[in-house]
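Undergrad: sequence below, structure please.
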Amino acid sequence: MDSKTIPSALTQPTTRGSRVLLLVNTRRLKKWLWWCLAVLSVVVCVFIEFQTSILQSWIFTSTNERISFAIAEGASSSIAFPRPAPFDDRRGYAKLPGFESRLEAAGYKMSRQVRQSATLMALIRRGVSPPYGEPPSAGLLIRGAEGTTLFRYAQSDFLFQKIDDIPPLLVKTLLFLENRDLDSPATPWQNPAIEWERLLKACLLYIGSKLYLPVPVQGGSTLAVQLEKFRHSPNGRTDTPVEKLRQVIGASLKSYHEGASTRAWRERIIIDYLNSVPLAAAPAYGEIHGVGEGLYAWFGMQLADAVKALKAQGATPAKIRAFKHLLTLLVSVRAPSVFLVEERASLDEKVNQFTRLMARSGLIDWEFATALQETPIQFLPAAPLPPQPSSVKNKAANAIRTTMMETLGVTNLYDLNRLHLEADSTIDVPLQKKVTDFLHGLADPDVVRANGLTGERLLENSDPKKVIYSFLLVEPTAEGNMVRVQADNLFNPFDFNKSVKLELGSTAKLRTLTHYLEVMAGLHKELILLNDEGLKRKALAARDPLTQWAIETVRQEKNIALEPFLERAMERRYSASPYEAFFTGGGVHHFENFEREDNRRILMLREAFQNSVNLVFIRLMRDLVSYHRARLPYNSEEVLSNPDNPERRRMLREVAEEESRSVLRRAYQTYQGQPPEEVVNRLLESRGKTARHLAVLFFAWRVGADESALAAWLTKNQAPNTTETVSDLFRAYANPRLNLADYGYLLSLHPLNLWCAGEFAKNPKVSWEELYNRSADARRIGSAWLLQARNRHAQDLRLRIRLERDAFARMTPYWQRLGFPFKTMVPSYATAIGSSSDRPVALADLVGILVNDGVRRRAVSLTKIDFAQGTPYETSFDRVPEKGERVLAPEIARTVKKAMAGVVESGTARRLSGVFRLSDGSRITVGGKTGSGDNRFVTFNRHGGVITSRATNRTATFLFYIGDRYFGVITAYVQGREAENYHFTSALPVTILKLLAPTIVKNLDTGARPATSEKIEEVPTPHKINFLPSGPAR
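TA: Okay, here's the model as predicted:
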């Protein structure tokens, strides 16, 4: 066979294998080509996307189409709130759930709230800031009752409103430092949130730093992402890659929320960044946001002046200074707290470095750059106070803000002002302004003279600048007592009407009279159903004058109705004599009438109220105390008369313990922190450090000591210490039978004072708790004398004081139901003429009860609160009208109002008689109660004679009602020893109300008070009226 000839049988398979191999290779080639084409396509698409952001614009625009929110009535079931973050905290968005619960507890109901789309809710819950037009400026806005602005917190002077407001040089500088390509996108739809080259470089540098390579870390955030970070990330920081992703998504959604084109949004980014970039916090100023506020707080410059200078032609000194300080703020953004507070020298170097870089890049010329470097950065020595609306002439707004701050649980007014919050108030803004201006005008002597306020019992020749006036006007409605005016002339934010505690004189007679009629109404209710036999039994059991009179009146006039019964009670007569001594308030007191001609009169209560006769009300209060004392949970007469009464012994032990604690507390305050030598000096200062006194003191503190110790003690205290003297003193005072009480007697010192001094001599750092716990034996010894039978007079004296105190404690809840603002009353008959103090707003509360026929309604200053208007978190709350609480029978209220009308018609406020008239000439019934307080600190000798008397303050008050439309209170006040120079009485506030009458009357013709139609909740009296001793008083 020929070797070159290959059989066909052998060659056939080879041909088929080659074909198969060729087919396989061809398929691989095609697949490889397809893969190459796919990769190339992806690369091309990615390149195109990097250059144009077409895909991003489609994705984010499509997502935005599924994001929506709309306001609707009632609470929303489809709403989410943002995480805590600087911007969302500052404006209150993140705190809205907490605000909701507090407002509902305060009597508000959610009336409207946003409904969010599912996509929007999902974004917020995942920590992404939603796309919406965030208002560049938001703050507290309070409107008046008629819709006009009462208060607005806005910092528009610190903000740029549009791109044209910003000097081009400032825009170029910002972009040079932070985001150079922001104003030059390749396409209209390019995403301003991402710059890929910058992001890639930042990622590589970050990875290199983690690998410990010597490379600097560089931020990859654009201005849009930085905005998201310092506004909507927790603490304004990027702590994780996930947080960075949230920032990018949030910034991207915002960029496309108005459509695929981002050109307009790029301008918004620049505006928002300059307006809100954080620039640390300055002491006494607070947080600083935006270059406008930064210029003001750090350098004392105004943004408008800086803008004007930067837009000027040429390198003027003003332009150089303005640009230098704006550049300083922009450079400090990387670490504002470090650069602006701690390392200002480093900041100066950084600013100069960037100045040179801008000159090299051609952004500024070298001449301008040189001038910039030669210009120093001029920080203020201390930040100015933040600009705020005046609180001096806006007291109503101040009071409302304080109420809102307390209701919302906001820490301070600074934080409240920055909330995105609008509120509707009840304040009559035009009337508020007129009253405020009038009160401030009274500091001018010419105004005082022109208004006839220099007469007797007015200002006379006193300095009008020192008088503080306050005015409160309230309109009663079915929804509550609407505060229309709240004003004073104080040059500070202090709320005089609500916060002050003053003795307001005879205004207390209104509360006393009202309580008296309340007691009488209770007696009428109990007695009117009894027959003659029942009344006879009650008369035998009655132990106080009021009950006895009520029983006798009902016996004489069967089936007498309540209102005539109360009229009879107003006709009861009392002596106005000042010549009786009254044991009250812990001692014997004498009282005086304002008018001497009243001293010999016997007056009906109605007359005494009209003319404000003091002694009548002192005696009325004595009867009220007797009434309450007769109803204490023990028999007060038995306590005083029976020395073996168990209740008497218990009360004496309590009194002794109270006295001991009081003495010990005073001694503790005297010796606290004093060295042992000074303790001895203070203890013996009025007696002298004689050898005898020192020896008595020594053995009181060191029971069982020997003669040598006594000699050493006398030597230490530089007293005569001869052997004979020491022996005599030892024999006289080392007697073991002498106790602490004996040594106290020998030194004319209270035993507890002596014991306490000894404890401090041993240990100057002893605490009150430790001292008191160790004092049981000393207290027992010090008070043992009071429990001895032979000291009956001292016991009865203390028990009388205790009984009076318990009676006033029983009376207090009644007064508190009538608006009395304090926890306790001063246990003295002088409470009837003002010694328990009061507040103007509390007196107005009492008048409101009377005007509302015995129904107590809360004072209302806010009716509606709107949060976050125009945002995805918008929520509104309306005040829910509260049920009125009936605290007095209508008959009592009408009787007291009638008496108050008598004060105006023929009493101490008759200057107002006929003053208030409607436009048709018809008279408006006006009632009131006057009160004057010449409050003094007086010291007396042992015989009751006055040693010294100095003024502490002077007050004059008038509480009033004007028809059924208004009620209120007006007060004049002078503080401190300067009150000696003033002699005004309640005639002053009465005259001021008369001067304000024309302004107030204009409102009376505008509408009538809404009729009361809501249900009234009956409130039980604090104590059931009992004729015999009953259980413990509540």
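Undergrad: ok, which stretches of the stretch 301-450 of the chain are strands?
TA: Remark: strands assigned in the stretch 301-450 of the chain by DSSP state E, counting those that start in this stretch are 421-425.
Undergrad: so where do the helices sit in it?
TA: Counting by DSSP state H, counting those that start in this stretch, the stretch 301-450 of the chain has helices at residues 303-310, 317-332, 336-337, 344-361, 366-374, 395-408, 413-417, 429-441, 445-450.
Undergrad: quick one: contacts for the residue nearest to residue 403 when sequence neighbours are not counted?
TA: Leaving aside its sequence neighbours, residue 403 sits nearest to residue 861 (CB to CB, 6 or more residues apart in numbering; 6.3 Å). Every C-beta, even on glycine, is put in place using the N, C-alpha and C of the backbone. Applying CB atoms under 8 Å, 6 or more residues apart in numbering, we find residue 861 in contact with 396, 399, 400, 403, 425, 426, 427, 482, 483, 486.
Undergrad: just checking, what packs against the longest strand seen in the chain?
TA: If you go by DSSP state E, the chain has its longest strand at strand 946-962. In terms of contacts (3 or more CB pairs under 8 Å, 6 or more residues apart in numbering; DSSP states H and E), strand 946-962 is packed against helix 840-851, helix 890-906, strand 926-940, strand 966-975, helix 987-1004.
Undergrad: tell me where the protein is predicted with low confidence.
TA: Under the criterion pLDDT under 70, the flagged ranges of the chain are 1-24, 44-51, 186, 198-220, 388-393, 936-949, 1006-1034.
Undergrad: nearest residue to the most centrally placed residue in the chain in space, please, no chain neighbours.
TA: When CA atoms, centre = their mean is applied to the chain, the residue found nearest the centroid is residue 402 (4.7 Å). Here the nearest residue to residue 402 in space, its sequence neighbours aside, is residue 495; by CB to CB, 6+ apart that works out to 6.7 Å.
Undergrad: same deal with residue 171?
TA: Nearest non-adjacent residue to residue 171 (CB to CB, 6+ apart): residue 270, at 6.0 Å.
Undergrad: using the three-state scheme, assign the one you found.
TA: With DSSP: H, G, I helix; E, B strand; the rest coil as the basis, residue 270 sits in helix.
Undergrad: still on that earlier bit, looking at the helices of the stretch 301-450 of the chain, which is closest to residue 725?
TA: When these are compared by CB to CB, helix 395-408 sits nearest residue 725, at 68.5 Å.
Undergrad: tally of neighbours for residue 804?
TA: Counted with other CB atoms under 10 Å, residues neighbouring residue 804 total 23.
Undergrad: so where does it fall, helix or strand?
TA: Element membership for residue 804, per DSSP states H and E: helix 792-817.
Undergrad: show me what that helix packs onto, helices and strands only.
TA: Packing partners of helix 792-817 (3+ CB pairs under 8 Å, 6+ apart): helix 508-527, helix 614-629, helix 636-641, helix 646-671.
Undergrad: buried stuff in the longest one?
TA: This means helix 646-671. 647-648, 651-652, 655-656, 659-660, 663-664, 667-668, 671 (16 or more other CB atoms under 10 Å).
Undergrad: go on, the first one?
TA: The neighbour-count check on helix 508-527 (16+ other CB under 10 Å) flags 508-524, 526-527 as buried.
Undergrad: over to stretch 709-724?
TA: Neighbour counts over stretch 709-724 (16+ other CB under 10 Å) mark 710, 711, 713, 714, 717, 719, 721 as buried.
Undergrad: pull up the gap between the nearest residue to residue 548 once chain neighbours are set aside and residue 557, please.
TA: With sequence-adjacent residues excluded and distances taken as CB to CB, 6+ apart, residue 548 is closest to residue 542, at 4.9 Å. Applying CB to CB, to the nearest Å, the value for residue 542 to residue 557 is 18 Å.
Undergrad: also residue 469?
TA: Residue 469 is 47 Å from residue 557, where distance means CB to CB.
Undergrad: what's the answer for residue 144, then?
TA: 52 Å.
Undergrad: repeat for residue 698
TA: From residue 698 to residue 557 the distance is 75 Å (CB to CB).
Undergrad: and residue 818, by the same measure?
TA: Separation of residue 818 from residue 557 (CB to CB): 28 Å.
Undergrad: and those two? Which one has more around it.
TA: Neighbours of residue 818 and residue 557, each counted by other CB under 10 Å, are more numerous for residue 818; the result is 20 against 12.
Undergrad: wouldn't that one be in contact with residue 513 here?
TA: No - if you go by CB atoms under 8 Å, residue 818 and residue 513 don't touch, sitting 10.6 Å apart.
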